[in-house]
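K.L.:
just a sequence and a predicted model for now, questions to come.
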Amino acid sequence: MPADDDRASLEQQLRSLPSVERLVARLEQETAGIHRSLLVAFAREVLDDTRDHLRSGALTHVNTDDLIDGVKQLAVRRLRPTLTRAVNATGVVLHTNLGRAPLSEPARRAVAEAAAGYTTLEIDLAAGGRGSRHHHTESLLTRLTGAGAAFAVNNNAAAVLLALTALARDREVVVSRGELVEIGGSFRLPEIMAASGATLVEVGTTNRTYARDYEAGITAESALLLKVHRSNFEVAGFVHDVTLEELVEIGRRRHVPVVMDLGSGCLVDLRAHGLPYEPTVQDAIRSGCDVVTFSGDKLLGGPQAGIIAGAPEVVNRLRAHPLARAVRMDKLDYAALGATLQQYLDPDRVWTSIPVLAMLTRPADDVRRAAKDLAARLGQYAPGWEFDVVPTDAEPGGGSLPGVTVPSFAVAAAGPMPAEQIDRRFRAHEPPIIGRIADDRYLLDVRTLLVGEDDVVVEAFTQLIP
């Protein structure tokens, strides 16, 4: 076709496009619950894109029904919440990208109750005046950890920042080079130190630090000795560390407080269920450490939180610092944290009531049986597909128990659809299902499925397979 005819055809296509008003009038009849202003914005966007595609040759013809469908699809994409529940079938228990610890049933109920209306967040009911939000969890924290005082902020990085700012601003903090960790997302301890206004004093080497190194690093300007638990990596081989007890003894002798960043926040002895030893908060408190900070959403199994526990005279300095208000938690976090801590008052039941602990300690034979049951159910709906039960290694994840794996089992799906396509379809499901691909098969690790989520997986496969 001559160029002039091409241009004439293009102009005719552009002129024939319906107006925004016409599209919106029809959309108002076919959609409900979407405000007119949004329909106008979406219609304009679809029309602009259509004009661009016509001019580029990517489209040669379009009709009103196509445009209407395009606006509807755009509305679904734009108005769908981006933060939704997801099914974790990765085998990583504390999956940071999936929100780390799933909450226990009591914690979920507490959040729902707190979200339903007003709360007693900062009111003293007995006195009828203003109260403190910290009191909702302090007695639980002190009872469980043995600390003299405790309170919570919004995450452990904030807890460390607050401790450094309140106790060591414009002074020195002595740290082993082997403990200058990166927490994640390029968030590094030296950067937190710099933000606090404290001066970092590195002692020892990456793999070997001795008591004498700390002794040599202490000066008249030393405000703190900081020890960091390497909860997200291991150093093996030719290594030497100073124990927390040794560091506390140095601090007392030299009159320098000791802060321990424990990270993973374990309140139970994991060895009781066959897992490797992980330092507990109680261990750190018993060592005589002045302040211990740890996370609420890792091995503790609660909401995102940074918990500060230790000697009352030190903890209260942190609580009174202006930065404490900037990093405080809200009512929903307090509700979830309080309900989570309540579970630890029953040391036997906590292993099943806290999902993270239940997943990590679930017997492998139980996981295998669950995987076989799921594979059998899936096989009923998918002729021509194979669902095999394969052994896997689950991981604690989330910066906890580095190098530790837990025996698990997964359902491996193989059929006429490539694994990558299954993965895309499952991620697009509502709720999204997150598995993994290995050896060209799509794997659903059963260890990290919560109660009832096998039903979601089966439903997703019935929608996936014609």
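P.N.:
Thanks, I have the structure now.
K.L.:
top helix in the chain by residue count?
P.N.:
Of all the elements of type helix in the chain, the one with the most residues (DSSP state H) is helix 36-56.
K.L.:
the helix or strand that comes right after that helix vs helix 36-56, what angle?
P.N.:
Secondary structure here is assigned by DSSP states H and E; on that basis, the next helix or strand after helix 36-56 toward the C-terminus is helix 64-79. When axes from the mean of the first three to the mean of the last three CA atoms, to 10 degrees is applied, the directions of helix 64-79 and helix 36-56 differ by 120 degrees.
K.L.:
show me what the helix or strand that helix 64-79 is followed by pairs with in its sheet, parallel or antiparallel.
P.N.:
For helix 64-79, the following helix or strand on the C-terminal side (DSSP H and E) is strand 87-88. Within its sheet, and counting by DSSP bridges, strand 87-88 is paired with strand 433-434 (parallel).
K.L.:
which other helices and strands contact the longest helix of the chain?
P.N.:
Other helices and strands packing on helix 36-56, by 3 or more CB pairs under 8 Å, 6 or more residues apart in numbering; DSSP states H and E, are helix 3-16, helix 20-30, helix 64-79. Every residue, glycine included, has its C-beta placed from N, CA and C.
K.L.:
could you tell me the angle between that helix and helix 20-30?
P.N.:
Interaxial angle of helix 36-56 relative to helix 20-30 (the same axes, to 10 degrees): 120 degrees.
K.L.:
got the CA coordinates for helix 36-56 in PDB?
P.N.:
Backbone C-alpha positions of helix 36-56 (Å, rounded to 0.1, in the frame of the first residue of the first chain) are rendered in PDB as follows:
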ATOM      1  CA  ARG A  36     -16.100   7.700  37.700                       C
ATOM      2  CA  SER A  37     -12.900   9.700  38.100                       C
ATOM      3  CA  LEU A  38     -10.900   6.500  38.100                       C
ATOM      4  CA  LEU A  39     -12.700   5.100  35.100                       C
ATOM      5  CA  VAL A  40     -11.900   8.400  33.200                       C
ATOM      6  CA  ALA A  41      -8.200   8.100  34.100                       C
ATOM      7  CA  PHE A  42      -8.000   4.500  33.100                       C
ATOM      8  CA  ALA A  43      -9.900   5.100  29.800                       C
ATOM      9  CA  ARG A  44      -7.500   7.900  28.900                       C
ATOM     10  CA  GLU A  45      -4.500   5.800  29.600                       C
ATOM     11  CA  VAL A  46      -5.800   2.900  27.400                       C
ATOM     12  CA  LEU A  47      -6.700   5.300  24.600                       C
ATOM     13  CA  ASP A  48      -3.300   7.000  24.700                       C
ATOM     14  CA  ASP A  49      -1.600   3.500  24.600                       C
ATOM     15  CA  THR A  50      -3.800   2.400  21.800                       C
ATOM     16  CA  ARG A  51      -2.900   5.500  19.700                       C
ATOM     17  CA  ASP A  52       0.800   4.900  20.300                       C
ATOM     18  CA  HIS A  53       0.400   1.300  19.200                       C
ATOM     19  CA  LEU A  54      -1.500   2.200  16.100                       C
ATOM     20  CA  ARG A  55       1.200   4.800  15.100                       C
ATOM     21  CA  SER A  56       4.000   2.300  15.700                       C
END
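K.L.:
ok so, going back, pipe the helices and strands packed on helix 36-56 into a markdown table and attach mean neighbour count, distance to residue 378 and mean pLDDT per row.
P.N.:
Rendered in a markdown table, the data for the helices and strands packed on helix 36-56 read as follows (neighbours: other CB atoms under 10 Å; distance: least, CB to CB, whole Å; pLDDT from 0 to 100):
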| stretch | mean neighbour count | distance to residue 378 | mean pLDDT |
| --- | --- | --- | --- |
| helix 3-16 | 11 | 47 | 77 |
| helix 20-30 | 15 | 36 | 92 |
| helix 64-79 | 15 | 28 | 92 |
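K.L.:
and for residue 297, the neighbour number?
P.N.:
Residue 297 is surrounded by 27 other residues when neighbours are defined as other CB atoms under 10 Å.
K.L.:
of the helices and strands packed on helix 36-56, which approaches residue 89 most closely?
P.N.:
helix 64-79 (24.3 Å; CB to CB).
K.L.:
how about residues contacting the closest one?
P.N.:
Outside of helix 64-79, the residues that reach it under the criterion CB atoms under 8 Å, 6 or more residues apart in numbering are 17-18, 22-23, 26-27, 30-31, 34, 38-39, 42-43, 45-47, 49-50.
K.L.:
can you state the direction angle for that helix and helix 3-16?
P.N.:
Comparing the axes of helix 64-79 and helix 3-16 via the same axes, to 10 degrees yields an angle of 60 degrees.
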